[in-house]
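**Q** Sequence and computational prediction follow.
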Amino acid sequence: MVEQRFAVVAKASTTGDLAAAFCARMTALTAVRFVPRVVESYEAIFDDLVHGRCELAWAPPFVALEAEDRAGVALLAVVKRPFAVGYHSALFTRADSMLRSIADLAGATVAWGSPWSASAYVVPRWHLRAKGIDLRRAFGQDLSFARHDAIGRAVWDRVADVGACHVGVDPVSGLLASAPWQAVTGALGAMRVLLLVGPIPADVIAATRFVAPELRRRIVSALLAMKQSDPGLGALFDATSFEPVPEGHLALLRRLARGATRPGLSAASVV
């Protein structure tokens with residue numbers, strides 16, 4: 001049986017088990033052996049896709065954009081979250097903070113995500129630059145965290161004044177529907193959003209050029225057939241389903257990156 005390595009970023013102690021369960025389900029649906037490959041960062045996902053250390057990966061949008069341009073990876077499906085195929089970026093602070101808008105950010109300590117993260121780094125910084133804010137001088141201190149829940153914890157514990165992360169927005173009401181800080185004890189209902197940008201294209205399942213077209217079609221069929229009750233879909237991806245890739249799915253991010261050093265390759269590239 002052909003083996004397909006499926007790469008995911010470790011987000012919790014349970015990631016390995018959840019990825020194994022998801023791979024077992026994909027094996028059953030495709031008659032192709034899937035094995036999990038758990039890595040520590042978005043950069044590692046990019047390297048795996050480019051250098052052939054995996055055949056498939058769960059990739060955030062900027063990783064997918066880079067890998068598509070650098071190594072010809074194919075986008076097989078998008079991850080549909082409870083409210084939409086996509087999400088928003090938020091800059092947020094504690095509800096009891098003196099900060100009321102982005103005009104108050106001078107001297108603030110800001111908790112960012114990985115430079116590969118669209119919602120927790122690239123998009124909010126791009127928006128602030130577009131507002132005329134010089135990111136090299138704007139803040140008192142920049143902190144970096146690998147996980148969005150850790151960013152929420154840093155703001156809640158007053159380690160940082162402001163954090164950047166992904167959030168879900170109800171498309172009907174426009175109200176905040178989900179946010180990583182909601183899992184932090186005491187923080188539910190106790191944060192305030194200073195800036196909301198989006199929607200941002202959703203995460204994708206990506207395949208390297210070494211996955212044959214016929215096999216890609218089988219994998220896509222299996223992904224689209226999966227239901228929320230299938231192992232790993234809800235718990236691993238925080239998703240309700242996989243959906244077909246919309247036409248021009250990464251076009252917005254491609255326009256954002258046009259004319260600049262590629263986002264995500266280094267912190268300096270998006271300063």
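**A** Here it is on my side, so go on.

**Q** how about the helix or strand where residue 163 lies: buried residues?
**A** Secondary structure from DSSP states H and E places residue 163 in strand 162-169. Buried residues in strand 162-169, defined by neighbour count with 16 or more other CB atoms under 10 Å: 162, 163, 164, 165, 166, 167, 168, 169. All C-beta spots, glycine's among them, are computed from the backbone N, C-alpha and C.

**Q** now swap in stretch 228-240 and tell me
**A** Across stretch 228-240, burial judged by 16+ other CB under 10 Å covers 230, 231, 232, 233, 234, 235, 236, 237, 239.

**Q** element containing the nearest residue to the third one once chain neighbours are set aside, please.
**A** Meaning residue 232. Counting by CB to CB, 6 or more residues apart in numbering, residue 232 lies nearest to residue 22, which is 3.0 Å off, once chain neighbours are set aside. In this assignment (DSSP H and E), residue 22 forms part of helix 15-30.

**Q** can you tell me the average pLDDT over that helix?
**A** Mean pLDDT, computed over helix 15-30, is 94.

**Q** Does anything pack onto that helix? Which helices or strands?
**A** strand 3-9, strand 33-39, helix 213-225, helix 233-237 (3 or more CB pairs under 8 Å, 6 or more residues apart in numbering; DSSP states H and E).

**Q** So for residue 92, which of those sits nearest?
**A** strand 3-9 (22.2 Å; CB to CB).

**Q** what number of residues lie near residue 246?
**A** Residues within reach of residue 246, counting by other CB atoms under 10 Å, total 14.

**Q** how much space is there between it and residue 80?
**A** 11 Å (CB to CB, to the nearest Å).

**Q** residue ranges of the helices in the stretch 1-150 of the chain, please?
**A** Using DSSP state H, counting those that start in this stretch, the helices assigned to the stretch 1-150 of the chain run over residues 15-30, 42-51, 61-71, 123-130, 148-156.

**Q** how about the fourth one: buried residues?
**A** I take that to be helix 123-130. 123, 124, 125, 126, 127, 128.

**Q** try the first one
**A** By neighbour count, with 16+ other CB under 10 Å as the criterion, the buried positions of helix 15-30 are 15, 17-27, 29-30.

**Q** Tell me the one of the residues you listed nearest residue 67?
**A** residue 19 (19.1 Å).

**Q** Surely that closest one and residue 236 touch.
**A** Yes - if you go by CB atoms under 8 Å, residue 19 and residue 236 touch, sitting 6.2 Å apart.

**Q** rewinding a little: neighbouring strands - and their directions - for the strand holding residue 163?
**A** strand 87-94 (antiparallel), strand 109-112 (parallel), strand 176-178 (antiparallel) (DSSP bridges).

**Q** residue contacts, the residue nearest in space to the middle of the chain?
**A** Taking CA atoms, centre = their mean, the centroid of the chain lies closest to residue 60, which sits 4.2 Å from it. By CB atoms under 8 Å, 6 or more residues apart in numbering, residue 60 lies in contact with 42, 116, 117, 118, 203.
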